[in-house]
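Chemist: Any chance you can model this:
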Amino acid sequence: MLPLWVAVLLLLGGLGALLYQGLAVVLAEAMPKLEPAPPRGGPSPGRVSVVIAARNEEEDLPGCLDAFLAQDYPDLEILVVDGGSTDGTREVARARAPRVTLLEEPPLPPGWVGKSWACSTGAGRTSGAFLLFADADVRLDPSAVRRSVEWAEEERADLVSLAPRLEAVGPWERVVLPFMAQVILTYFRTPRVNHDGSRTAMANGQYLLVRRTAYDAVGGHAAVRGAVLEDVRLAQEFRRQGRRLRVAWAPRLAVTRMYRSRAEMFEGLLKNIHGTRFSLSRQVGFFAGLVGFYYLPLALLPIGAFYGVPSLVALGAILWVGLFAKHVGFARTLTGHGAWGLLFPVAVAFYLALLLASIRNGLARRPIAWKGRTYVREG
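Modeler: Prediction:
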């Protein structure tokens, strides 16, 4: 027989997990959505300087550049900052001259992360009233730049960032990436970024539009030079100075394929969940949270059935239906492959493996590796 206090504890934990799972749905519904729209006419609010930090992006860069070249924004300059690529990245950019300018990145100074160095270098060589930092794996609707500038003007925002639709081709992408999006959504409480009184700050470095005056005032990427999550840290600097931030879900304006293999995904997400500052308590807490909110709720139904506790069986059944339905919905919305959401326990296991690797590497003080570069941990 299951002790009463254990049954009560399980019921309370199950209810807490149910509320937490519902939070992701509530936050997703609260996200503003930016859609394509025809031009309104009128004068341009200023030049947009696109800066693309590229390192071995031969496969993705052609589609990215061609999408920018097809934009209907009237005043656009495009700069590719190459970070020592060993493939055909430079040739891709040169083939699109003079509309695309190629800049060789100077040697990486101590204390800088490669992407921030490339973005800072590019920003210093452009002249636009707006700076648009974009990743090479992003492809855009022809109205994307214009719509984001229009939104920035309407909202009087200093920073606008778009969340693209995720292109998922391989099985690991289809299983893990929708879960990744939920983790980001709930961790940052993303819609709260759009509330001016909120302290929440985040941005997506895949598509990050800023006013140059605001960017210069916060110190640009030099202010976040050692941060692996430079987009989030830059948004925090904007927020700290009282600047207005806006983030929108834009599946019809932007699409990205973030990773092309399980190994690349593991390396990229490992970099993101840890950063350069190691915190054992944070990683252990994250690990416990994943187990508590995603695995233990699935145990309520079998435990209730085994001990004959109808209330646990009922709540466990609700959790089973709710969790799997939620993950199917997120997978269908984000990638178009809903059935893969049924494998969300595998995605949770993937993240648990990331956290174990992060803890191991942090305790051993191993450097972070990404795109052929390593970065020393700060603590």
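Chemist: Spell out the secondary structure type for the residue nearest to the spatial centre of the chain.
Modeler: In the chain, the centroid-proximal residue (C-alpha atoms, centre = their mean) is residue 204; its distance is 5.1 Å. Using DSSP: H, G, I helix; E, B strand; the rest coil, the structure places residue 204 in coil.
Chemist: With the one 5 residues further on instead?
Modeler: In three-state terms, and counting by three-state DSSP, residue 209 is strand.
Chemist: Residue 80 bridge partners, please.
Modeler: Taking DSSP bridges as the rule, residue 80 bridges to residue 52, residue 102.
Chemist: My guess is it contacts residue 55. True?
Modeler: No. The pair residue 80 and residue 55 does not pass the contact test of C-beta atoms under 8 Å, sitting 10.7 Å apart. Every residue, glycine included, has its C-beta placed from N, CA and C.
Chemist: and those two? which has more neighbours close in?
Modeler: Under the neighbour definition other C-beta atoms under 10 Å, residue 80 and residue 55 were set side by side, and residue 80 has more, 27 against 21.
Chemist: ok, now which ones touch that one?
Modeler: By C-beta atoms under 8 Å, 6 or more residues apart in numbering, residue 80 lies in contact with 52, 54, 61, 65, 89, 93, 100, 101, 102, 103.
Chemist: ok, the fifth one to residue 52 distance?
Modeler: So that's residue 89. Distance from residue 89 to residue 52, counting by C-beta to C-beta, to the nearest Å: 10 Å.
Chemist: if we can go back for a sec, list the contacts of the nearest residue to the residue nearest to the centre of the chain once chain neighbours are set aside.
Modeler: Nearest non-adjacent residue to residue 204, counting by C-beta to C-beta, 6 or more residues apart in numbering: residue 161, 4.7 Å away. With contact taken as C-beta under 8 Å, 6+ apart, residue 161 is in contact with 203, 204, 207, 208, 209, 231, 235, 245, 246, 247, 248.
Chemist: Show me which pair in the residues you listed is furthest apart.
Modeler: Maximum pairwise distance in those, criterion C-beta to C-beta, is 14.8 Å, between 231 and 248.
Chemist: Identify the residues contacting the nearest residue to residue 238 once chain neighbours are set aside.
Modeler: What sits nearest to residue 238 in space, not counting adjacent residues and going by C-beta to C-beta, 6+ apart, is residue 159, at 5.1 Å. Applying C-beta under 8 Å, 6+ apart to residue 159 gives the contacts 203, 208-211, 214, 234-235, 238, 243-246.
Chemist: Could you give the bridge partners of residue 159?
Modeler: Assessed by DSSP bridges, residue 159 has beta-bridge partners residue 210, residue 245.
Chemist: Residue 201 - how many residues pack around it?
Modeler: Residue 201: 21 neighbours (other C-beta under 10 Å).
Chemist: With residue 19 instead?
Modeler: Residues near residue 19, counting by other C-beta under 10 Å: 11.
Chemist: pLDDT score assigned to it?
Modeler: At residue 19, the model reports a pLDDT of 90.
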